[in-house]
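>>> Please work out how this folds:
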Amino acid sequence: MDMRRFLPILLIAFAALFILPQIFKHKGSSTTLSAKDRSAMTQDAMNRIDRAQKSAFATAGKYTDNLADLVVADKVLGQELTVPLTVDLDVGTGGKSYVGRVSSDVIAVQRTRSGPRVVSSSCRVLKRASGVDCPKPPVKTTTTTTTATTTK
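Residues are numbered from 1 along each chain as shown. Okay, the predicted model is just below:
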């Protein structure tokens, strides 16, 4: 039996098994989140935490330092914690104030409330990437009125 007769068949089989899958390999859908998506989810998580805290304050008269209570109140928040996010909650004495900080690898967001009022809110980009940006704070406009007095 002459092996040279089977050489073309072996080359075709080798190409079919190892080379062709690499050539026709398609990317498909990506399983990782983009920096823009992680940034948006971080900001949304802070907004959801703040809404849940406001609801807890309206109901019980105090903020909670328990993240589990907030996740139970907002199911989407639980999904967003898989980004992964670091969440820090600190509630003041008596539960009348709280500081919340949510950060990912691209952005960090912080909000502080005393009673129902927002005391401070800040955002910092940790890693520059396309589409990653902190929301611009609203510009406070001042209106000036002038009165003129005329005498006759």
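>>> same for the least confident helix or strand in the chain by mean pLDDT, what does it pack against?
Every helix and strand in the chain was compared by mean pLDDT, DSSP states H and E; the lowest is helix 20-23, with a mean of 75. Helix 20-23 sits against no helix or strand, with contacts defined as 3 or more CB pairs under 8 Å, 6 or more residues apart in numbering; DSSP states H and E. (Glycine included, C-beta is placed from N, CA and C.)
>>> Buried residues, the following helix or strand past that helix. List them.
Counting by DSSP states H and E, the element after helix 20-23 in chain order, helix or strand, is helix 35-60. Within helix 35-60, the residues that count as buried by 16 or more other CB atoms under 10 Å are 35, 38-43, 45-46, 48-50, 52-53, 56-57.
>>> next one: helix 35-60 to chain centre, how far?
10 Å (CA atoms, centre = their mean, to the nearest Å).
>>> Now do the strands in this protein.
Here the chain has its strands, by DSSP state E, at 86-91, 97-103, 107-114, 117-125.
>>> Show me what counts as buried in the third one.
Of all the residues in strand 107-114, those buried under the rule 16+ other CB under 10 Å are 107-113.
>>> Tell me the gap between the least confident helix or strand of the chain and the middle of its chain.
Using CA atoms, centre = their mean, the offset of helix 20-23 from its chain centre is 37 Å.
>>> Could I get the CA-only coordinates of that helix as CSV?
C-alpha atoms of helix 20-23 as CSV (Å, rounded to 0.1, in the frame of the first residue of the first chain):
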residue,chain,number,x,y,z
LEU,A,20,-10.5,26.3,8.4
PRO,A,21,-12.1,26.9,11.9
GLN,A,22,-9.5,29.6,12.6
ILE,A,23,-10.3,31.3,9.3
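>>> which outside residues touch that helix?
The contact list for helix 20-23, computed with CB atoms under 8 Å, 6 or more residues apart in numbering, is empty.
>>> Repeat that for stretch 127-135.
34-36, 39, 43, 105-107, 109, 123-125.
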